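Novice: turn this into a structure:
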Amino acid sequence: MIPLNNVQGTDEWLMARLWRLTSSELKANITSTGKLSRSEAAVKAVYKLIAGLACVTRMAKEEKTFEGMEDWEIKKAIAVYTGEKFSGNLHTDRGHDLEADAVAKLSERIGLQLTDVGMCVMGDTPLGVVSCSPDAIAYRTKKIVEIGAEIKCPTYAKFIELVDNDVLPKDYALQVHSSMAICETERWHFAAYFPGHGLFHKEVRRDHFTDTIAASLEEFRGMYADQLDSVQSSLAKIDKAESPAVAAIEQEDSLI
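Specialist: Got it, this is the predicted structure:
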């Protein structure tokens, strides 16, 4: 696992997410049983990631970032490549104040010093295509994560639902277990906080489901690489066949 220090919610973080499969967006490619999906929807999801990679690559070549762009400009830049209509304000607070309180409460509960991390990339290279963005982690050493945490600050209705059911919600099982797989940890903490109440907290242990997801994510990395090679080969063929004049015009029109 390679940690990246791009702060969550920033332009740099958003660009890093555009072309990676993230733990919060697994459902198209990893089934509820932890298996790799090769469905039509799964293939299209990889095309979207490859398109995100093209977007980031183009912006890097032109020395552009999202910094200083209006939200509508960011949405347009992303939509031109991925079709994704980025929702919300990039710089929305997202309950950061509440999350900080929740992190402090969780740190006290488990007796470990929790720290921020921008993104954790699976494998041994920062260019890996599978990642997660834990809300907090605790390191065993400078490079090895001891535990991570997924923290929610939900509406009151959702909070009391979590408390009353008293289990890790199925909606977050893939995210939590994939984060363990990506960070190569044995434990992960799920917590939810609403002001005026105690912390809802569940410790999740690595199990067969985690290992199944880990194997599927390894398969996904190969699937992504194969699909990227296929796309690049197909694009090279049509670009070679295109007349230089027409290709130049279309390239100019496609600039962000």
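Novice: closest to the centroid, which residue in the protein?
Specialist: residue 22 (2.7 Å; C-alpha atoms, centre = their mean).
Novice: these two touch, right, that one and residue 131?
Specialist: Yes. Counting by C-beta atoms under 8 Å, residue 22 touches residue 131, with 5.5 Å between them. All C-beta atoms are positioned from the backbone trio N, CA, C, and that covers glycine.
Novice: pLDDT averaged over the host helix or strand of residue 14 - what is it?
Specialist: Assigned by DSSP states H and E, residue 14 belongs to helix 11-18. Taken as a whole, helix 11-18 has an average pLDDT of 88.
Novice: please name every helix or strand in contact with the next helix or strand after that helix.
Specialist: The C-terminal neighbour of helix 11-18 among helices and strands, as given by DSSP H and E, is strand 21-22. Other elements packing on strand 21-22 under the criterion 3 or more C-beta pairs under 8 Å, 6 or more residues apart in numbering; DSSP states H and E are strand 130-132, helix 208-241.
Novice: buried residues, the last one. List them.
Specialist: Looking back up the chat, that one is helix 208-241. Neighbour-count burial for helix 208-241, counted by 16 or more other C-beta atoms under 10 Å, picks out 209-210, 212-214, 216-217, 220-221, 223-224, 228, 231.
Novice: before we move on, what about stretch 33-49?
Specialist: Buried residues in stretch 33-49 (16+ other C-beta under 10 Å): 34, 36, 37, 42, 45, 46, 48, 49.
Novice: and which of those is nearest to residue 73?
Specialist: Comparing these against residue 73 with C-beta to C-beta places residue 48 closest, at 19.9 Å.
Novice: can you tell me the element that closest one falls in?
Specialist: Counting by DSSP H and E, the element that carries residue 48 is helix 40-61.
Novice: next, the angle helix 208-241 makes with that helix.
Specialist: Interaxial angle, helix 40-61 versus helix 208-241 (axes from the mean of the first three to the mean of the last three C-alpha atoms, to 10 degrees): 60 degrees.
Novice: what is the orientation angle of helix 40-61 with helix 11-18?
Specialist: 140 degrees.
Novice: just checking, what packs against whatever helix or strand residue 73 lives in?
Specialist: Assigned by DSSP H and E, residue 73 belongs to helix 71-82. Contact analysis of helix 71-82 by 3+ C-beta pairs under 8 Å, 6+ apart lists helix 11-18, helix 40-61 as its packing neighbours.
Novice: dump those helices to JSON lines, plus distance to residue 189.
Specialist: As requested, these are exported to JSON lines (distance: least, C-beta to C-beta, whole Å):
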{"stretch": "helix 11-18", "distance to residue 189": "22"}
{"stretch": "helix 40-61", "distance to residue 189": "28"}
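Novice: rank those helices by mean pLDDT and give me the bottom one.
Specialist: helix 11-18 (a mean of 88).
Novice: coming back round to it: buried stuff in the helix holding residue 73?
Specialist: Using 16+ other C-beta under 10 Å as the test for burial, helix 71-82 gives 74, 75, 77, 78, 81, 82.
Novice: where does pLDDT dip in the stretch 151-256 of the chain?
Specialist: In the predicted model, the stretch 151-256 of the chain carries pLDDT under 70 at residues 242-256.
Novice: that older thread, from the buried residues of helix 208-241, pick the one nearest residue 149.
Specialist: Distance to residue 149, by C-beta to C-beta, is smallest for residue 210 among the buried residues of helix 208-241, at 15.8 Å.
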